[in-house]
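K.L.:
Sequence and computational prediction follow.
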Amino acid sequence: MTVELNHTIVAAHDKKASAQFLADVLGLEVSPPYGPFIPVQIPNGVTLDYMDADDPIAPQHYAFLVSEDDFDAVFARIQAAGLTYWADPFHRRVNEINRNDGGRGTYFDDPNGHNLEILTRPYGSGDESA
């Protein structure tokens, strides 16, 4: 059996601005609207479909596996935008990156409080002591 994540809906206070934020930070494009959604397609085919929400938004976590070169580019955009970033998902190690599994990673928030992560190595793929 083959199972792949195709899309997920991301709640936002301003779907257009939120989709553009993600696209800008990751170096992607915002796709044309589809029904009530503003999609951002990730290169592996998964789409994050932003949808306006009037109710309070429960923060979610979205992690993006990137190459070492892409990490440098995305991280530079995070810094250029003046975003606070953390080495851990609990936001304890401010303005640091981690070196989990022999790679690099960092967390940052989107305008809705969603916890975004970029990482260069999947968890469990390398040296835990790094």
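P.N.:
Structure's in. What do you need?

K.L.:
Buried residues in the host helix or strand of residue 23, which are they?
P.N.:
Residue 23 is located in helix 15-26, with elements delineated by DSSP states H and E. Residues of helix 15-26 classed as buried: 15, 18, 19, 20, 21, 22, 23, 25, 26 (neighbour count, 16 or more other C-beta atoms under 10 Å). Any C-beta I mention is one placed from the backbone N, CA and C, and that applies to glycine too.

K.L.:
Spatially nearest residue to residue 6, not counting backbone neighbours?
P.N.:
Nearest residue to residue 6, sequence neighbours excluded (C-beta to C-beta, 6 or more residues apart in numbering): residue 46, at 6.7 Å.

K.L.:
Who are the contact partners of the most centrally placed residue in the chain?
P.N.:
For the chain, the residue sitting closest to the mean C-alpha position, by C-alpha atoms, centre = their mean, is residue 116 at 3.8 Å. Contacts of residue 116 were listed using C-beta atoms under 8 Å, 6 or more residues apart in numbering, and they are 22, 25, 61, 62, 63, 64, 107, 108, 109, 110.

K.L.:
and the closest residue to residue 89 other than its chain neighbours, which of the three is it?
P.N.:
Closest residue to residue 89 apart from its sequence neighbours, by C-beta to C-beta, 6+ apart: residue 107 at 5.7 Å. Here residue 107 is strand, with the state taken from DSSP: H, G, I helix; E, B strand; the rest coil.

K.L.:
show me what contacts residue 107?
P.N.:
Residue 107 makes contact with 85, 86, 87, 88, 89, 91, 115, 116, 117 under the criterion C-beta under 8 Å, 6+ apart.
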